[in-house]
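In: Prediction below, plus the sequence it came from.
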Amino acid sequence: MTVESVRPKDANATEEPPVAGGAVPFLGHGWRLARDPLAFLSQLRDHGDVVRLKLGPKTVYAVTTPALTGEVALSPDYIIAGPLWESLESLLGKEGVATANGKLHRRQRRTIQPAFRLDAIPAYGPIMAEEAYELVDRWRAADGVLDITYESFRAAVRVAARCLMRGGYMDAHADRICADLTTLFAGMYQRMVVPLGPLYKVPLPANREFNRALADLHVLVDEIVADRRASGQKPNDLLTALLEAKDDNGDPIGEQEIHDQVIAILTPGAETVGSTIMSLLLVLTEHPELGDKIRDEVKSVVGDRQVAFDDVRKLTYTANVVTETLRLYPAVWILTRRAVADTELGGYRIPKGADLIYSPYAVQRDRRSYERNEDFDPDRWLPGRSKDVPKYAMSPFSVGNRKCPSDHFSMAELTLITAVVAHAYGFEHASESDPRPRIGITLRPRRLMLRARPR
């Protein structure tokens, strides 16, 4: 697949995209992105395929159609940069696979990719299943209201750490990692849409809490690396691969790159997968008939034994529930890129250095791409119907060389956890539950408090 096959370029394009309405002095469109970003981004396509936004003093180009978001993701004219990545830099650094570009990114992909090969993922199956059933057992013993934010992130961190870093020592770190990331991802979104620069260094309570969480997470990562080195062990996992990786000159990679790579492993494993588990449990609560159908499928495929990794590919309805959840509630709901050359997009001129923004949430809910676009319908992913979805209208793991390397790993994990949990329990909201979207760098329910009813 080449970029040219998405849309031919017009090197002579000179027209600038239209400016979206609703800007206010000084803050521009940032106040709308801070106040109700999902609604704001979802209506931008009505104003054009590409529109200009003002975020403080900056002009940002919003891309609204599936074809053009695919072009941006695939084209070498756009790199990982812009407001999102600038806000994440204090967490992810500049030398991890999530933020690097060019030769460094390609080398890092080669280092981590073996851990996520299709033939490597079954080896993680027993750990995924063990953690899923440990979750079920914890909830049975709890016999009360469950804090689903805590439970989801705990499960996600444990799966990522045990599969990719073979770390029993992670048990003591999981709670701290989850708490730190919750604080950081909320603060980073505010820094992206309202870029007030020096004001975020003022020692206000919110800034102090953000800085405390950031410092603690970096300390945790250093402890993880130090623990592995002190153990003298070299299990066949991703952390060992990083500690033994070489740069382009054949020398060991630097400590900062190792640190940033571990952050890049833990962050999606905790924040994006944890957010998706929360959204899946919200879906099972608000659509109990889905849990009934998943339970029936598990009984048909698995029988009376426990669900195992080898069952995942047969649990097609369960996988479709996961896919539809990823469509309507993508954890990564906003992305940015930067143009590295004067180029054209959708017939409009995009100058070198311009920042672009697009929203998988808006694209995946667009009425022009999906019938009954706001309805939760797992059957839209049946083979006979999924072919009607426009290209790039569904890309929760991104596309091209920035595609999430753990996409198959995450789908297997989410499908297995959903099958195990839905087979064991039905759910209902507790009185203190608040399922409204929580807007941060990632998207998840605000405060999900559930009662689990054994089936």
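Out: Yes, it's here. Numbering: from 1, shown residues only.
In: what's the following helix or strand after the helix ranked longest in the chain?
Out: Identified as the longest helix of the chain according to DSSP state H is helix 205-231. For helix 205-231, the succeeding helix or strand toward the C-terminus, using DSSP states H and E, is helix 238-243.
In: Does Leu38 touch Trp333 like I think?
Out: Yes. Contact between Leu38 and Trp333 holds when scored by Cβ atoms under 8 Å: they sit 7.5 Å apart. C-beta here means a position set from N, CA and C on the backbone, and glycine is covered the same way.
In: Could you pull out the strands in the stretch 301-450 of the chain for me?
Out: Assigned by DSSP state E, counting those that start in this stretch, the stretch 301-450 of the chain shows strands spanning 335-339, 343-345, 348-350, 355-358, 425-429, 434-439, 443-447, 449-454.
In: Quick one, which of those strands gets closest to Ile127.
Out: strand 425-429 (21.5 Å; Cβ to Cβ).
In: now that closest one and strand 434-439, what's the angle there?
Out: Relative orientation of strand 425-429 and strand 434-439, computed by axes from the mean of the first three to the mean of the last three Cα atoms, to 10 degrees: 80 degrees.
In: Strand 425-429 - what's its average pLDDT?
Out: In this model, strand 425-429 has an average pLDDT of 96.
In: For that strand, which strands pair with it and how are they oriented?
Out: Sheet pairing of strand 425-429 (DSSP bridges) gives strand 449-454 (antiparallel).
In: Can you name the residues in contact with the partner strand?
Out: For strand 449-454, the surrounding residues in contact (Cβ atoms under 8 Å, 6 or more residues apart in numbering) are 139-140, 142, 144-148, 281, 285, 424-430, 432-434.
In: May I ask which helix or strand of the protein has the lowest mean pLDDT?
Out: Here the helix or strand of the chain ranked lowest by mean pLDDT, DSSP states H and E is helix 83-92, holding a mean of 63.
In: Let me have the strands of the stretch 301-450 of the chain in a markdown table, extended by mean neighbour count.
Out: Formatted as a markdown table, the strands of the stretch 301-450 of the chain follow (neighbours: other Cβ atoms under 10 Å):
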| stretch | mean neighbour count |
| --- | --- |
| strand 335-339 | 22 |
| strand 343-345 | 22 |
| strand 348-350 | 21 |
| strand 355-358 | 23 |
| strand 425-429 | 18 |
| strand 434-439 | 16 |
| strand 443-447 | 21 |
| strand 449-454 | 17 |
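In: looking at those, which is closest to Val221?
Out: When the strands of the stretch 301-450 of the chain are compared (using Cβ to Cβ), the closest one is strand 443-447, at 22.7 Å.
In: could you say what helices and strands the closest one packs with?
Out: Judged by 3 or more Cβ pairs under 8 Å, 6 or more residues apart in numbering; DSSP states H and E, strand 443-447 is in contact with helix 148-164, helix 273-286, strand 434-439.
In: Distance to Phe210 and mean pLDDT for those - can I get that in JSON lines?
Out: Listed next are the helices and strands packed on strand 443-447 as JSON lines, based on distance: least, Cβ to Cβ, whole Å; pLDDT from 0 to 100:
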{"stretch": "helix 148-164", "distance to Phe210": "18", "mean pLDDT": "85"}
{"stretch": "helix 273-286", "distance to Phe210": "19", "mean pLDDT": "96"}
{"stretch": "strand 434-439", "distance to Phe210": "16", "mean pLDDT": "92"}
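In: Now tabulate the ones you listed in a markdown table and tack on distance to Ile224.
Out: What follows is those, written out as a markdown table (distance: least, Cβ to Cβ, whole Å):
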| stretch | distance to Ile224 |
| --- | --- |
| helix 148-164 | 8 |
| helix 273-286 | 18 |
| strand 434-439 | 27 |
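In: Figure out which of those is closest to Lys293.
Out: Checking these against Lys293 by Cβ to Cβ gives helix 273-286 as the closest, at 10.7 Å.
In: what about the stretch 101-250 of the chain, any weak spots by pLDDT?
Out: Applying pLDDT under 70 to the stretch 101-250 of the chain picks out residues 101-102, 104-105, 108-109, 111-116, 167-172, 174, 186, 189, 192-197.
In: Any chance of a markdown table for the strands of the stretch 301-450 of the chain, columns distance to Ile253?
Out: Putting those into a markdown table (distance: least, Cβ to Cβ, whole Å) gives the following:
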| stretch | distance to Ile253 |
| --- | --- |
| strand 335-339 | 25 |
| strand 343-345 | 33 |
| strand 348-350 | 34 |
| strand 355-358 | 29 |
| strand 425-429 | 44 |
| strand 434-439 | 35 |
| strand 443-447 | 33 |
| strand 449-454 | 43 |
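In: Out of the helices and strands packed on strand 443-447, which gets nearest to Pro18?
Out: The minimum distance between Pro18 and the helices and strands packed on strand 443-447 falls on strand 434-439, with 25.5 Å, by Cβ to Cβ.
In: Could you check the angle the closest one makes with helix 273-286?
Out: Using the same axes, to 10 degrees: strand 434-439 against helix 273-286 is 150 degrees.
In: Could you export strand 434-439 as CSV, CA atoms only?
Out: C-alpha atoms of strand 434-439 as CSV (Å, rounded to 0.1, in the frame of the first residue of the first chain):
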residue,chain,number,x,y,z
ASP,A,434,-20.1,7.9,37.0
PRO,A,435,-19.8,6.3,33.5
ARG,A,436,-19.4,9.6,31.6
PRO,A,437,-16.2,9.9,29.5
ARG,A,438,-13.1,11.0,31.3
ILE,A,439,-11.1,13.2,28.9
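In: got the contact list for it?
Out: So strand 434-439 is contacted by 37-38, 186, 189, 282, 285-286, 429, 443-449 (Cβ under 8 Å, 6+ apart).
In: of all these, which comes closest to Cys178?
Out: For the contacts of strand 434-439, the residue nearest Cys178 by Cβ to Cβ is Arg444; the value is 12.1 Å.
In: Identify the bridge partners of the closest one.
Out: Per DSSP bridges, residues listed as beta-bridge partners of Arg444: Arg438.
In: Next one, pLDDT for it please.
Out: For Arg444, pLDDT reads 91.
In: From Val307, how far off is it?
Out: 25 Å (Cβ to Cβ, to the nearest Å).
In: cool, Cys163 as well?
Out: 17 Å.
In: Was I right to think Val332 contacts Thr272?
Out: Yes. Using Cβ under 8 Å, Val332 is in contact with Thr272, at 6.0 Å.
In: what is in contact with these two at once?
Out: Counting by Cβ under 8 Å, 6+ apart, the contacts common to Val332 and Thr272 are Thr442.
In: any chance you could map the helices in the stretch 351-455 of the chain?
Out: 360-364, 383-386, 407-424 (DSSP state H, counting those that start in this stretch).
In: Please state the offset of the second one from the chain centre?
Out: I take that to be helix 383-386. Averaged C-alpha coordinates place helix 383-386 at 25 Å from its chain's average position (Cα atoms, centre = their mean, to the nearest Å).
In: Same check on stretch 16-23?
Out: With Cα atoms, centre = their mean, you get 28 Å for stretch 16-23.
In: Same question for stretch 443-455.
Out: Computed by Cα atoms, centre = their mean, the separation of stretch 443-455 from the middle of its chain amounts to 20 Å.
In: the inter-axis angle of the helix or strand hosting Glu71 versus strand 335-339?
Out: Assigned by DSSP H and E, Glu71 belongs to helix 66-74. Using the same axes, to 10 degrees, the inter-axis angle of helix 66-74 relative to strand 335-339 is 70 degrees.
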